[in-house]
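Pasting a predicted model and its sequence here:
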Amino acid sequence: MFVSLNWLKNYVDIDGISPEELAEKITKTGIEVEGIEYLAAQSTNVVVGYVKSCEKHPNADKLNLCQVDVGEEELQIICGAPNIAQGQKVAVAKPGAVLPGNFKIKKAKLRGVESNGMICSMQELGIEEKFVPKEVADGIFVFPEDAEVGASAIELLNLDDAILELGLTPNRSDALSMLGVAYEVAAILDKPVQIPDETVAAVEEKASDYVSVKVEDAELNPYYGAFVIKDIKVGPAPLWMRNYLIAAGIRPINNVVDITNYVLLEYGQPLHAFDYDQFGSKEIVVRRAKQAETMVTLDDQERTLKTDHLVITNGEVPTALAGVMGGANSEVSNETTTVLLEAAYFSPVAVRTASKDHGLRSESSTRFEKGVDPDRVKRAGFRAAQLLSKYANGTILADVVEFDQLDKTEAQVEIQTSNINARLGTEINDEQIADILRKLNFNYDQDGENFTVHVPTRRQDITIFEDMIEEVARIYGYDNLPFTLPQGASQAGGLTEQQLLKRTIKNYFEGAGLMEAITYSLTTKDRATMLVSPEIKAEAVTPVALSMPMSEEHSTLRLSILPEMLSSLSYNLARKQVNLGYYEVGTVFVSNQETVTEQPNEKLRASGALTGEWVTNPWQQEKKMADFFVVKGILEGLFDKLNVTVEFKQAKIDGMHPGRTAQLFIGEQPIGFVGQVHPKLQKDNDLKDTYVFDLDLDYIFDIHENEPSFAKIPRFPSVSRDIALVVDESLRAGEVQTTIENAGGALVKEVQVFDVYQGEHLPEGKKSIAFNILYLDPERTLKDEEVEESYQAILAAVEEAHQAELRG
Amino acid sequence: MKERLQELQTEALAKVEEASSLQELQDIRVAYLGKKGPITEVLRGMGKLSKEERPVIGDLANKVREAIATELDAKKANLEAVELEKKLEEEQIDVTLPGRPVQVGGPHLLTSIVEEIEDLFISMGFEVREGPEVETDYYNFEALNLPKGHPARDMQDSFYITEELLLRTHTSPVQARTMGEYKGSQPVKMICPGKVYRRDTDDATHSHQFTQVEGLYVDKDVRMSDLKGVLNRFAKQFFGEEREIRLRPSFFPFTEPSVEMDISCKVCHGKGCSVCKGTGWIEILGGGMVHPRVLEMAGYDPNVYSGFAFGMGPERIAMLKYGVDDIRHFYTNDVRFLKQYHKA
Ligand SMILES: [Zn+2]
């Protein structure tokens, strides 16, 4: 809502307060002023001039040489506007004037002839093209004949105005009118409100002889009033009215249209003017549209209607889409002589549906959608009729032809001083409450601390006690509320075990060198099913998709964090950032339904991706690329920290390198995977070798035991033995290790690979794996014989199981 | 003999003094203290002495030996230290060469901010609650006093999956769920951080996915001044003691009265500048007193219980606090962006 302060002055006294001060006060009291615009702050020295003569420039066809009386002097001005003519009153920027854009007017010579100033268009004076009336859009602005020569054109065109731009919250639709804003400002400044003159002088002839009104659906249209105004002369509206419309962001058209728009802005009540002679009948019938009925609206668009839409008809065909837009068939034109003026209350739902379905949002529809003030519907009609009689030569017929089932009762809200104080933490007294209600212009009955507030119908947002608390608080001033701390029993806040564990895991990854990434949950349909861990894949029947995505790019909820993480890698690689290590802890969305009707299972995963050099230490000739074992090492460190035993099993997973991928298990439970992204997928994403992991954190949280139990620190020495075995090259070290652990007996505490060798001195197709075996009994010193016994058992077992030979 | 011994001592000590290598010292030791040395020789000649003189000379001989030995040891230690120092000198490295790099990761800026907010409210007795990102229409809207067809639903156009399921548009449903869980039987004091989604085209100031931290406190006799006090404490701890707050009336369907909170501009301290668009204030969060309908629907009697709620956007806070100029930075994971905020 744009509020012209010059216009506002007609309803409330704001003298002596600057626009900035006023804006600050309004903002602090509840309606945010988002900006202050000065229409022509930069224009000076522009006056009304009378064009005494206008002749062709001797040396230029398209220029005119004008003698212009500007009051104290006469100026010779050359003007190129096509609409300049002798006898006009025009806006003259005198030499020394400054126009918007810091355009300074100087004496000049044009084609050898002196020109002492400029005759201005509205655009040149700083008015936006789209608000300039069409008849003067291509040329200079022409004042009405009664404009006084030498007077300030800036003032006459209202360019000395300041416009407040209000950012209205949905509850404050009452401020979608100048009167509503006036009440608000009056409450803030403690001033009275000046109501506009709504009186009309009607002739004896009756409107009801011209038209009847029938409403079929009182719920959608509880009030319909028809006014008839004859003898209309369509022409320009008065300059002041056009100025106010422009200030409010509406382009002036003609007096009839401008008056309905003016009253719409003044009262917040949309009106519609039909050309009575084009209406097509003497009856107005308001009804729901028929399914697939069509009509052509004012913008010459054919609209196909539904039964949810409300239409005004002449008994046969629609003449307006109620509250949204009039019909082309009954539009007011320059030839209109009798106006049928509609002032109605259309239900918010009906208007919202129609405006949404047809993509038509107008000054009218936005007001109806929010619910107009029932008390002002008919009054606005009177006001418009009065203005039509005054500024469009209209003759108002007696009576309003109406249908009226509109509820105009005021809401009553009970408030008590003590309850208000209890809720606000204040010490306001009864007198202060009464004073606040008076400032708000709310009627009330008072009995001690008990108030019954009669909420004016303009404030449809106030229905309950809490609404009144806000009214009291905002006029009292939010600034005046004290600062207190809750007085309730204090409790210890904190994180749950899982929240703490999540932080621990994130800190671990960061300590291990990974950067936290945050990617989008919504991805493409294809990416949603890429790099999905087997245990998720087993459960997810279909990825969860949006019913109306804004783009395919963000259309489907992810089943894995990795695809979007790979996008982040690509993004960085394209920017020459090539050594990268990310992790992310986040949710994936798993639905086991064919057609999703229930909330998906949201599973917490920890994923990561590494590419490029992991260790770079060039001058010591040390360089390590991120590879499977770098990632595995990070995960093993995590599992060690979390005290869980995880098995890495060779696996094939879609989108992953078939030879360099392991699935992870805790016991029988699959908990994710680790490995290299399939080279083809790497290529598709413009990636170099990339290693990723994906872990099920929910399961890890479930089995995690928070308190590690105490294990005695061994007091006796351990014994270490090495064993180097020659085995088939295809055999996995982990399998041999398991055999060793199983065969070695209880004294084996730890088995570790310390060397893998293939090549010279070994037969073709063989490799050697060397293990270090650590023996320990925490209670006693080990005997050589028992270690030897275990060692022999191991040798026998690996020979039996893997045909392994001791390396000579 | 006495003179001879003293002479030997003086002579030996002088040599020790002059010695410049461990070998020389060893030679001196052998020469003076060895079995064939002059002191031994002197002792051997003691037979010629009188009974009275013998212990005196013996005593003196021992003292001389001791004095020489002590001096030898001291000099040895001294020379060893010098030699070690010399050896170490030769082992010098270039300390200006770069160290072996250690990979250092770090949290995302949004996580740092969310955790800082969490910890701040935890210190005021709040618990941290989480909830689903795919919500039912009921918890996302209806339980928050936004029935179907409510005009305010337009304020936050949402991503629907079915007519009843959508991506949550705020974390408030977690509040409704928590209150529902407690069934009106106990106070609620919680914050709920998390991801939220709205139908917005991604640009410098809009993101279809972003983060929210909301808070809720419901108890008997909760006052609006408590909201003011708690938010003031938060603002001062988070943004700095010198910052002031102000509340302005606003509108949210789930609170009444509703507030918008501004903090005084860091740059101009309230005088007005380009950062705060001349107002002196910067909008930080929204909140208000929990709407009685919301309490009622969650099983809390609004005649007994009252409460306050508030919500803020960590992206916006990060943009204000660190001058981040484009919201998309939070989701492209550009390492040059991420690393800036890994520094303590
Ligand atoms: Zn500032």
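Perfect, thanks for sending it.

Downstream of the host helix or strand of A:Leu164, the next helix or strand is which one?
Element membership of A:Leu164 [criterion: DSSP states H and E] is strand A:162-167. Proceeding N to C from strand A:162-167, the next assigned helix or strand is helix A:178-189, under DSSP H and E.

who touches B:Glu24 in this structure?
By C-beta atoms under 8 Å, 6 or more residues apart in numbering or on different chains, the contact list for B:Glu24 is empty. C-beta coordinates here come from the backbone N, C-alpha and C atoms, glycine included.

A:Phe274 bridge partners, please.
Bridge pairing for A:Phe274 (DSSP bridges) gives the partners A:Leu340.

quick one on the thing from earlier: quick check: buried residues in the strand holding A:Leu164?
Across strand A:162-167, burial judged by 16 or more other C-beta atoms under 10 Å in any protein chain shown covers A:162-164, A:166.

Identify the residues contacting it?
With contact meaning C-beta under 8 Å, 6+ apart, strand A:162-167 is reached by A:1-5, A:19, A:22-23, A:26, A:31-39, A:175, A:181, A:247.

can you pull out the helices in the stretch 601-750 of chain A?
Secondary structure of the stretch 601-750 of chain A (DSSP state H, counting those that start in this stretch): helices at A:628-642, A:679-684, A:697-703, A:733-744.

Show me how far the helix or strand A:Glu20 falls within is from its chain's centre.
Taking DSSP H and E as the definition, one finds A:Glu20 inside helix A:19-29. Helix A:19-29 sits 25 Å away from the centroid of its parent chain (C-alpha atoms, centre = their mean, to the nearest Å).

Which neighbouring elements make contact with that helix?
Secondary-structure packing of helix A:19-29 (3 or more C-beta pairs under 8 Å, 6 or more residues apart in numbering or on different chains; DSSP states H and E): strand A:32-38, strand A:162-167, helix A:178-189, strand B:245-252.

which of those has the lowest average pLDDT?
Ranked by mean pLDDT, the helices and strands packed on helix A:19-29 end with strand A:32-38 at the bottom, a mean of 90.

packing partners for the helix of greatest length in chain B?
The longest helix of chain B (DSSP state H) is helix B:53-90. Packed against helix B:53-90 by the contact rule (3+ C-beta pairs under 8 Å, 6+ apart) you find helix B:2-18, helix B:22-33, helix B:38-44.

following it, which helix or strand comes up?
helix B:109-122.

check contacts around A:Asp640.
A:Asp640 neighbours (C-beta under 8 Å, 6+ apart): none.

where does chain B have low pLDDT?
B:151-152, B:154-156, B:344 (pLDDT under 70).

How about the residues of it by the ion?
Contact residues, chain B versus the ion (C-beta under 5 Å from the ion): B:265, B:267-268, B:273, B:275-276.

my guess is B:Lys148 meets B:Glu142, correct?
Yes: look at B:Lys148 against B:Glu142 with C-beta atoms under 8 Å: they come within range, at 7.3 Å.

higher neighbour count, those two?
B:Glu142 (15 against 9; other C-beta atoms under 10 Å in any protein chain shown).

For the more buried one, give me its contacts.
So B:Glu142 contacts B:148, B:297 (C-beta under 8 Å, 6+ apart).

Distance check, it against chain A.
With distances taken as C-beta to the nearest C-beta, to the nearest Å, B:Glu142 is found 15 Å from chain A.

B:Leu166: how many residues sit nearby?
For B:Leu166, using other C-beta under 10 Å, the count is 20.

just checking, next helix/strand downstream of the strand or helix carrying it?
Assigned by DSSP H and E, B:Leu166 falls within strand B:165-167. Using DSSP H and E, the helix or strand that follows strand B:165-167 in sequence is helix B:172-182.

Tell me the helices and strands packed up against that next one.
Where contact means 3+ C-beta pairs under 8 Å, 6+ apart, helix B:172-182 is packed against helix B:137-140, strand B:188-197, strand B:209-220, helix B:292-297, strand B:305-312.

Helices along the stretch 101-250 of chain A, start to end?
Using DSSP H, counting those that start in this stretch, helices in the stretch 101-250 of chain A cover A:153-156, A:178-189, A:239-248.

Quick one: the strands in the stretch 601-750 of chain A, in order.
Residue ranges of the strands in the stretch 601-750 of chain A, as given by DSSP state E, counting those that start in this stretch, are A:601-611, A:613-617, A:622-625, A:647-650, A:656-666, A:669-677, A:690-696, A:719-728, A:748-757.

I'd like to know how far A:Gly117 sits from A:Glu74.
Per C-beta to C-beta, to the nearest Å, A:Gly117 is found 11 Å from A:Glu74.

what does A:Asn441 give?
Distance from A:Asn441 to A:Glu74, by C-beta to C-beta: 53 Å.

overlap in contacts of A:Gly117 and A:Glu74?
Joint contacts of A:Gly117 and A:Glu74 (C-beta under 8 Å, 6+ apart) are A:Val68.

need the residues of the stretch 551-700 of chain A near chain B, please.
Contact residues, the stretch 551-700 of chain A versus chain B (C-beta under 8 Å from any C-beta of the partner chain): A:554, A:557, A:565, A:568, A:571-572, A:575, A:577, A:580-583, A:586-587, A:589, A:596-600, A:602, A:614-617, A:619-620, A:622.

about what we covered before: out of the helices and strands packed on helix B:172-182, nearest to chain A?
Distance to chain A, taken as C-beta to the nearest C-beta, is lowest for strand B:209-220 among the helices and strands packed on helix B:172-182, at 4.0 Å.

does any bit of the closest one sit next to chain A?
Yes: counting by C-beta under 8 Å from any C-beta, contacts between strand B:209-220 and chain A involve B:209, B:217, B:219-220.

Whichever of the residues you listed end up buried, select them in ChimeraX.
Buried residues within these, by 16+ other C-beta under 10 Å, are selected in ChimeraX with:
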select /B:209,217,219
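
so who does the residue lying closest to B:Leu49 once chain neighbours are set aside touch?
Excluding its sequence neighbours, the residue lying closest to B:Leu49 (C-beta to C-beta, 6 or more residues apart in numbering or on different chains) is B:Ile57, at 6.1 Å. For B:Ile57, the contact set (C-beta under 8 Å, 6+ apart) comprises B:1-2, B:5, B:42, B:46, B:49.
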